[in-house]
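*Asks:* Sequence and predicted structure, then a few things I'm wondering about:
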Amino acid sequence: RIVPNPRQSTMKISEDQTTPDIAMAAAQFASATSNQRTQPLFTTNYRNHFGVPGRVIHESNEAPRIDGTNYEMAEKRPKKRRATKKYKDPMVLTAISGHKTAADWQEINSRLSTAAERDLAAAKESCDPAKVIVAQGKLKRIKGEKAYQKTDHSMELIWCAFREFVAVHLNNNQPALYEESPKVNDIVAFLNFNFRRKEVKLTLMVEGNPQKVNCKGNKISSLQKYRQAFEWAFLKCGYPNLFEEKSVKEVYMELKEKVTGKYRYQPKQAKTFSVWGDFDKLREYCLKEKGDLYHLRSWTMILVMFSFFLRRADLTYLTVDCIGIPRSRINGNLDLDEDGYPRILRLWLPRSKGDGEAEKGGVKFQIMRNYRDRDMCPVVAILDWLNFSGIEDGFVFPNFQHGSNSKFRNDAMSVDDISTMYSKLCLTLFGENHGYSTHSPRRTAAAFAAVCGATDAEIKRAGRWKSDTYMVYVEAGRAGSIMELVGLDLPPEDRWSWYPIR
């Protein structure tokens, strides 16, 4: 029985019945093609599943395969090699992989590797297991550890930049690192050129002539890495640390303290919220204009970060099990008000940046309900979020499913998700140059606590600061409270009184 298939020009033969003519033709075809098959029967041009045009080679009379496994790639044009950049310093070269390298740096690495191999051979001859282990670890670190090689390469790039700076702008030839230590004046000029503001001009050599050149104005945050690169080089070669020299140390401290000549470097810092104008604007937009779960989550996160001095990463560890309501000591019932909300809410943070992996149940916080203004009460905000979202276990702030503002996933928000949500919200409300970041609630909390009369020790403990960075926020808050006492603004503590949360 012959069953026609309308989708193909051929016909299918049922397994139970075949015509003798067709079976004989198929047998002759199979014997002819099995003896010699030097050319493909037919080819088909199409794009494979990578989107690359290819030519299918069919070695049989089967239908063309479209899974991308039976094709021959079209001939690729040879890639054009990038022109090798020529540097003025002869020691600075371009490696085969395309990155910048320094010949003297590689020579030192080669010498260190040879010395480590020699030490390992001597340790094995001595038959001392301790010496063998130390020598093996040293050799493995130099030749086998990717982390060490990655760090060494980043230090090498800074050394290449220093050599090129000396050759271009100081018109000198820096000796090889294994022959001579760099000069103090060259290091000072290199640091000033990289880390002073762009408005500052230094007299440097340009094509052999002295000219005024604008500094690069790099971020101060990378200053420590530049120092590390030089100290790394000094350590490898056995030179004394020149950053202990008076002239280098003074310049380094000036740059570190952000005092660069007549121009003072102001780092980019998160802007402090206006209490309570900005908070009213955020709440009005999230709860009244939008009124969906997505924006309810945004408002709750901002208020929780402000109330508990939390960083954005702290929110990613917060689960429902970390939230508790204390019980009455008299009858053992939950300590609730008449409207059903608790008077005090306790929170355990299992992990944080300042505390690491917390021990014995996590870092404990507790906050009292804000009776002066229900709209700014974190206790009400957290419980409303849990009630409206229906979250009973798992993460307090989970991610939404793709394209949905009501269905959740099982994973928590990442720090990037929080930053994206926060940036979109601030961009919508405060414009492009708003200056706020996810650190603004934490900074605002320190300033607000200072306005309410909290001591420095209480603020430092509540925010879990290890250093005295918080004093910048505290001083700003107290300066603002002086202006309020004069009568220029409404005291913010009229709507919420802060008390120690730890």
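*Replies:* Great, that's in hand. Worth saying up front: this structure is predicted, and the values here are computed from it rather than measured.
*Asks:* Spell out for me which residue occupies the centre of this protein.
*Replies:* residue 416 (8.0 Å; CA atoms, centre = their mean).
*Asks:* Counting by contacts, list what the helix or strand it falls within packs against.
*Replies:* Residue 416 is part of helix 415-430, with elements assigned from DSSP states H and E. Counting by 3 or more CB pairs under 8 Å, 6 or more residues apart in numbering; DSSP states H and E, the packing neighbours recorded for helix 415-430 are helix 277-283, helix 293-308, helix 312-317. Bear in mind the C-beta positions are built from the backbone N, C-alpha and C, glycine included.
*Asks:* tell me what the last one is packed against?
*Replies:* Where contact means 3+ CB pairs under 8 Å, 6+ apart, helix 312-317 is packed against helix 293-308, strand 351-352, helix 415-430.
*Asks:* mind running it again at 7 Å?
*Replies:* For helix 312-317, the packing partners by 3 or more CB pairs under 7 Å, 6 or more residues apart in numbering; DSSP states H and E come out as helix 415-430.
*Asks:* what sits up against the helix it packs on?
*Replies:* Helix 415-430 is contacted from outside by 281-282, 285, 298, 312-313, 315-316, 399, 434, 436, 438, using CB atoms under 7 Å, 6 or more residues apart in numbering.
*Asks:* Likewise for stretch 391-399?
*Replies:* With contacts defined as CB under 7 Å, 6+ apart, stretch 391-399 is touched by 297, 301, 315, 318-320, 408-413, 417.
*Asks:* just to revisit the earlier point, could you give the angle of the helix holding residue 416 to helix 293-308?
*Replies:* Counting by axes from the mean of the first three to the mean of the last three CA atoms, to 10 degrees, helix 415-430 lies at 100 degrees to helix 293-308.
*Asks:* With only the CA atoms kept, save helix 415-430 in PDB.
*Replies:* Below are the C-alpha coordinates for helix 415-430, written out as PDB (Å, rounded to 0.1, in the frame of the first residue of the first chain):
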ATOM      1  CA  VAL A 415      22.400  43.800  44.700                       C
ATOM      2  CA  ASP A 416      22.300  44.700  41.000                       C
ATOM      3  CA  ASP A 417      18.500  44.200  40.900                       C
ATOM      4  CA  ILE A 418      18.200  46.500  43.900                       C
ATOM      5  CA  SER A 419      20.400  49.200  42.300                       C
ATOM      6  CA  THR A 420      18.400  49.000  39.000                       C
ATOM      7  CA  MET A 421      15.100  49.300  40.800                       C
ATOM      8  CA  TYR A 422      16.400  52.200  42.900                       C
ATOM      9  CA  SER A 423      18.000  54.100  40.000                       C
ATOM     10  CA  LYS A 424      14.800  53.900  37.900                       C
ATOM     11  CA  LEU A 425      12.700  55.100  40.800                       C
ATOM     12  CA  CYS A 426      15.000  58.100  41.600                       C
ATOM     13  CA  LEU A 427      15.300  58.900  37.900                       C
ATOM     14  CA  THR A 428      11.600  59.200  37.600                       C
ATOM     15  CA  LEU A 429      11.100  61.300  40.600                       C
ATOM     16  CA  PHE A 430      14.200  63.500  41.000                       C
END
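*Asks:* On the pLDDT front, check the closest residue to residue 162 other than its chain neighbours for me.
*Replies:* Counting by CB to CB, 6 or more residues apart in numbering, residue 190 is the residue found nearest to residue 162 once chain neighbours are left out, at 5.4 Å. pLDDT for residue 190: 93.
*Asks:* any residues touching whatever helix or strand residue 190 lives in, and which ones?
*Replies:* Using DSSP H and E, residue 190 sits in helix 184-195. For helix 184-195, contacts defined as CB under 7 Å, 6+ apart pick out 162, 165-166, 169-170, 202, 215-216, 218, 220, 223, 226, 230, 242, 245, 247-248, 251-252, 255.
*Asks:* which parts of it are buried?
*Replies:* 186-195 (16 or more other CB atoms under 10 Å).
*Asks:* Also stretch 325-343?
*Replies:* Going by neighbour count (16+ other CB under 10 Å), the buried part of stretch 325-343 is 341-342.
*Asks:* what about the helices in the stretch 51-200 of the chain?
*Replies:* 103-126, 129-143, 146-169, 184-195 (DSSP state H, counting those that start in this stretch).
*Asks:* Could you say which of these is packed most deeply?
*Replies:* With neighbours taken as mean count of other CB atoms under 10 Å, those reach their highest mean count in helix 184-195, at a mean of 19.
*Asks:* Let's see that helix as PDB, backbone CA atoms only.
*Replies:* Output of helix 184-195 as PDB, limited to C-alpha atoms (Å, rounded to 0.1, in the frame of the first residue of the first chain):
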ATOM      1  CA  VAL A 184      61.700  59.200  43.800                       C
ATOM      2  CA  ASN A 185      61.100  62.300  41.700                       C
ATOM      3  CA  ASP A 186      59.800  60.200  38.800                       C
ATOM      4  CA  ILE A 187      57.300  58.400  41.200                       C
ATOM      5  CA  VAL A 188      56.100  61.700  42.600                       C
ATOM      6  CA  ALA A 189      55.500  63.200  39.100                       C
ATOM      7  CA  PHE A 190      53.700  60.000  38.000                       C
ATOM      8  CA  LEU A 191      51.300  60.100  41.000                       C
ATOM      9  CA  ASN A 192      50.600  63.800  40.600                       C
ATOM     10  CA  PHE A 193      50.000  63.400  36.800                       C
ATOM     11  CA  ASN A 194      47.500  60.500  37.400                       C
ATOM     12  CA  PHE A 195      45.600  61.700  40.500                       C
END
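*Asks:* Please work out the average pLDDT along the helix or strand following that helix.
*Replies:* On the C-terminal side of helix 184-195, the closest following helix or strand by DSSP H and E is strand 201-206. Averaged across strand 201-206, pLDDT comes to 87.
*Asks:* What's the first helix or strand after the helix holding residue 416?
*Replies:* Next along from helix 415-430, by DSSP H and E: helix 440-451.
*Asks:* what's the spacing between that next one and its chain's center?
*Replies:* Taking CA atoms, centre = their mean, to the nearest Å, one finds helix 440-451 lying 25 Å from the centre of the chain it belongs to.
*Asks:* Okay, buried residues for that helix please.
*Replies:* With burial defined by 16+ other CB under 10 Å, the residues of helix 440-451 counted as buried are 440-451.
*Asks:* Would you convert the residues you listed into JSON lines that also reports distance to residue 135 and pLDDT?
*Replies:* JSON lines is the format used below for these (distance: CB to CB, whole Å; pLDDT from 0 to 100):
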{"residue": "440", "distance to residue 135": "52", "pLDDT": "89"}
{"residue": "441", "distance to residue 135": "52", "pLDDT": "90"}
{"residue": "442", "distance to residue 135": "48", "pLDDT": "89"}
{"residue": "443", "distance to residue 135": "50", "pLDDT": "87"}
{"residue": "444", "distance to residue 135": "55", "pLDDT": "89"}
{"residue": "445", "distance to residue 135": "53", "pLDDT": "88"}
{"residue": "446", "distance to residue 135": "51", "pLDDT": "87"}
{"residue": "447", "distance to residue 135": "56", "pLDDT": "85"}
{"residue": "448", "distance to residue 135": "58", "pLDDT": "85"}
{"residue": "449", "distance to residue 135": "55", "pLDDT": "85"}
{"residue": "450", "distance to residue 135": "56", "pLDDT": "83"}
{"residue": "451", "distance to residue 135": "61", "pLDDT": "81"}
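*Asks:* now, among these, which is nearest to residue 346?
*Replies:* Using CB to CB, residue 445 comes nearest to residue 346 of the buried residues of helix 440-451, at 18.1 Å.
*Asks:* what stretches of the stretch 101-250 of the chain score poorly on pLDDT?
*Replies:* 144 (pLDDT under 70).
*Asks:* rewinding a little: would you mind getting the angle between the helix holding residue 190 and strand 201-206?
*Replies:* Using the same axes, to 10 degrees: helix 184-195 against strand 201-206 is 110 degrees.
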